[in-house]
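Colleague: From the sequence below, what's the structure:
(chains A and B)
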2 protein chains.
Amino acid sequence: MAENIISKVALTIEYDGTAYAGWQYQENADTIQRQLEGACQSLFGDTVSLRGASRTDAGVHARGQVAAFNLPRPFSLDKLPSALNWHLPGDIKVSKAYLVPSDFNPVSWATGKIYSYYIFQRRQATALAGKYCWHISRELDIAAMNKAASYCIGTQDFMSFQAAGSSVVGTVRTLRHLFCRKQGDWLVITCIGDGFLYNMVRILAGTLVDFGLGKYPPENMQSIVAAGDRQAAGPTAPANGLFLQRVLYRPSLDRYPQL
Amino acid sequence: MAENIISKVALTIEYDGTAYAGWQYQENADTIQRQLEGACQSLFGDTVSLRGASRTDAGVHARGQVAAFNLPRPFSLDKLPSALNWHLPGDIKVSKAYLVPSDFNPVSWATGKIYSYYIFQRRQATALAGKYCWHISRELDIAAMNKAASYCIGTQDFMSFQAAGSSVVGTVRTLRHLFCRKQGDWLVITCIGDGFLYNMVRILAGTLVDFGLGKYPPENMQSIVAAGDRQAAGPTAPANGLFLQRVLYRPSLDRYPQL
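Modeller: Model (predicted):
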């Protein structure tokens, strides 16, 4: 039966998080998951439960969120992204769709995630990308930021970079890459890790900015990490500068048949 | 007297043209010029007439529009961009301000302009930059586009690339650069010239896309130019893909004192 062979679909999704209360379904708020489930419902005429790889916060954007769902019934899968996009608003678009194994789980199968944090660094604000950055008019010392970032790489306890009040039990994570690069008026912080605590990337970004502003010498990052205390780290950078760029899988999603 | 020494100011301006009926002041529509004149009025408490280097169309964006005005009265010019930006909406920002000679004319002193036209080339549309591009889902042959573009370079009559109904007398212009480059899902057409006819960059972009789609061999660009007839060229590319990147002056604006 076709519905048994082609039973699970993974989508890669791009969105502008500005207008949404984050990824996760909420009863009384508009969320990305709700919009996608609504589009699936319109397309398939049946209720669909989507599972997303990352619960991005309100205002956070994505270039490569991944979500998976079981097909509610046999369906011609040709041009699935176009069909879903027809039902989606302009600020949420499915970029690709793959046929994945029926036990594919976008959360537990993920081997890592790539986030980028965008800082617009110029005296005057941007008229073109205000929704997509943190505007910092003061100069940032990028070498100091990268020196400080180097102390965060590796497998360690990131409790200092977890939003206060989180109840996650284990706070050890592996950060493979944390690097700042300048491109014109933009300073982009790229972060690759196997998993992230709640608000971790935004707190890392806010803390690196403190180093960029020269608040402490880069070596102090070691004691911030060691403190295991949210109070030791810097501020939480604003949500709108954060992009979920890609969720990593092994094998990569591109190894599965594309719809 | 200070007002005689510091009498004329040139601004570089960035804007998202989406919400506006273009640059030029209109009685019954919201325009960039109107917003800027309003901000000047709020700041100086007096009427200010701004002259812009380029009358960008409705929906066209700018990274480096230039406009000049005479100071209505002596005014402390420290932090002029920040003061104006305080009165401007988020989609219009003054990036820099310079003290220029009193006879500075942003139109006649301009030695050229740089425009970029952005095409988003992927099967599915972008959720993040729909306002800033022309989405083309079919493949474009960039080599063919650049071959065709090469026939447009130089000093020649660009009548074929002027919006029908324009009444400009001379249609000879010098195009110094017209080149397409691919960056990920983006195809960017950059155009540098001493001056442009009405809709010229958008008609050039639309015509290059026709070549990219393989409608004619690149060599046909020669006969399109030679025709001197708007009907010979391709469609006018949508306004929202076009950015006025920079207005060129000799000496450059950066040689004048910055406020």
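Colleague: quick check: domain ranges of chain A?
Modeller: A:2-108, A:111-245 (automatic domain parsing).
Colleague: Reformat those as TSV; add mean neighbour count and distance to residue B:9.
Modeller: Every residue, glycine included, has its C-beta placed from N, CA and C. Formatted as TSV, those follow (neighbours: other Cβ atoms under 10 Å in any protein chain shown; distance: least, Cβ to Cβ, whole Å):
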stretch	mean neighbour count	distance to residue B:9
domain A:2-108	18	34
domain A:111-245	18	15
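Colleague: rank those domains by mean pLDDT and give me the bottom one.
Modeller: For the domains of chain A, the weakest mean pLDDT is recorded on domain A:2-108, namely a mean of 92.
Colleague: Let me know whether residue A:241 touches residue A:134 as I believe.
Modeller: Yes - if you go by Cβ atoms under 8 Å, residue A:241 and residue A:134 touch, sitting 4.0 Å apart.
Colleague: hey, what's in contact with both of these two?
Modeller: Taking Cβ atoms under 8 Å, 6 or more residues apart in numbering or on different chains as the contact criterion, the common neighbours of residue A:241 and residue A:134 are A:117, A:118, A:119, A:205.
Colleague: And the furthest pair within those?
Modeller: A:118 and A:205 (9.4 Å; Cβ to Cβ).
Colleague: Could you name every residue contacting both of these two?
Modeller: A:134, A:241, A:242.
Colleague: what's across from the first one in the sheet?
Modeller: Applying DSSP bridges to residue A:134 yields these beta-bridge partners: residue A:119.
Colleague: mind listing what it touches?
Modeller: With Cβ under 8 Å, 6+ apart, residue A:134 has these contacts: A:117, A:118, A:119, A:120, A:205, A:209, A:237, A:238, A:240, A:241.
Colleague: quick one: residue A:197 and residue A:161 touch, right?
Modeller: Yes - assessed by Cβ under 8 Å, residue A:197 is found in contact with residue A:161 at 6.4 Å.
Colleague: List, one by one, the residues from chain A near chain B.
Modeller: Taking Cβ under 8 Å from any Cβ of the partner chain as the measure of proximity, chain A contacts chain B at A:14-16, A:61, A:63, A:81-82, A:85, A:90-96, A:122-128, A:130, A:132.
Colleague: now, which of those lie within helices?
Modeller: Taking DSSP state H, the ones among those that sit in helices are A:81, A:82, A:85.
Colleague: gap between residue A:226 and residue A:156?
Modeller: Applying Cβ to Cβ, to the nearest Å, the value for residue A:226 to residue A:156 is 9 Å.
Colleague: do the same with residue A:13
Modeller: 31 Å.
Colleague: quick one, strands of chain A?
Modeller: A:8-15, A:51-52, A:61-70, A:92-100, A:110-120, A:134-135, A:154-157, A:172-183, A:186-193, A:242-249 (DSSP state E).
Colleague: Take those strands and write them to TSV, including distance to residue B:183.
Modeller: Formatted as TSV, these follow (distance: least, Cβ to Cβ, whole Å):
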stretch	distance to residue B:183
strand A:8-15	17
strand A:51-52	28
strand A:61-70	14
strand A:92-100	17
strand A:110-120	16
strand A:134-135	24
strand A:154-157	33
strand A:172-183	12
strand A:186-193	14
strand A:242-249	16
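Colleague: Looking at the ones you listed, spot the one closest to residue B:72.
Modeller: Ranked by Cβ to Cβ, the member of those that lies closest to residue B:72 is strand A:134-135, at 29.8 Å.
Colleague: got the contact list for the residue of the stretch 151-259 of chain A found nearest chain B?
Modeller: Nearest residue of the stretch 151-259 of chain A to chain B: residue A:243, at 8.6 Å (Cβ to the nearest Cβ). Applying Cβ under 8 Å, 6+ apart, one finds that residue A:243 lies in contact with A:60, A:61, A:62, A:63, A:115, A:116, A:117, A:118, A:132.
Colleague: my guess is the fourth one contacts residue B:122, does it?
Modeller: No - applying Cβ under 8 Å, one finds residue A:63 not in contact with residue B:122, separated by 11.8 Å.
Colleague: How about residues contacting stretch A:204-221?
Modeller: Stretch A:204-221 is contacted by residues A:117, A:119, A:134, A:136, A:138, A:140-142, A:144-145, A:147-149, A:151-152, A:161, A:178, A:180, A:187, A:189, A:191, A:224, A:233-237, A:241-242 when judged by Cβ under 8 Å, 6+ apart.
Colleague: any idea how far the residue of the stretch 151-259 of chain A closest to chain B lies from residue A:128?
Modeller: Distance, residue A:243 to residue A:128, using Cβ to Cβ: 16 Å.
Colleague: And for residue A:253?
Modeller: Per Cβ to Cβ, residue A:253 is found 31 Å from residue A:128.
Colleague: now residue A:223
Modeller: The value you get for residue A:223 to residue A:128, if Cβ to Cβ is used, is 39 Å.
Colleague: With residue A:245 instead?
Modeller: According to Cβ to Cβ, residue A:245 and residue A:128 sit 20 Å apart.
Colleague: repeat for residue A:252
Modeller: Distance, residue A:252 to residue A:128, using Cβ to Cβ: 33 Å.
Colleague: How about residue A:224?
Modeller: 34 Å.
Colleague: which two from the contacts of residue A:134 end up farthest apart in space?
Modeller: A:209 and A:240 (14.8 Å).
Colleague: List the residues that contact residue A:59.
Modeller: Neighbours of residue A:59 in contact, by Cβ under 8 Å, 6+ apart: A:17, A:18, A:20, A:22, A:238, A:239, A:240.
Colleague: Please repeat the previous calculation with a cut-off of 7 Å.
Modeller: Counting by Cβ atoms under 7 Å, 6 or more residues apart in numbering or on different chains, residue A:59 makes contact with A:17, A:18, A:239, A:240.
Colleague: residues touching the last one, list them.
Modeller: So the one you mean is residue A:240. Contacts of residue A:240 by Cβ under 7 Å, 6+ apart are A:18, A:59, A:131, A:132.
Colleague: these two touch, right, the third one and residue A:18?
Modeller: Yes - when contacts are counted by Cβ atoms under 7 Å, residue A:131 is listed as touching residue A:18 (5.0 Å).
Colleague: Which two among the contacts of residue A:240 are spaced furthest apart?
Modeller: Longest span within the contacts of residue A:240, Cβ to Cβ: A:59 and A:132, 10.3 Å.
Colleague: circling back: as TSV, the domains of chain A with distance to residue B:37 would be great.
Modeller: Output for those, formatted as TSV (distance: least, Cβ to Cβ, whole Å):
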stretch	distance to residue B:37
domain A:2-108	29
domain A:111-245	17
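Colleague: which stretch among these comes nearest residue B:104?
Modeller: domain A:111-245 (21.2 Å).
Colleague: what about the closest one, how long is it end to end?
Modeller: 14 Å (Cα to Cα, to the nearest Å).
Colleague: Tell me how far that domain lies from the chain's centre.
Modeller: The chain centroid and the centroid of domain A:111-245 are separated by 13 Å, computed with Cα atoms, centre = their mean, to the nearest Å.
Colleague: Same question for stretch A:85-96.
Modeller: Averaging C-alpha positions (Cα atoms, centre = their mean) puts stretch A:85-96 18 Å from its chain's average.
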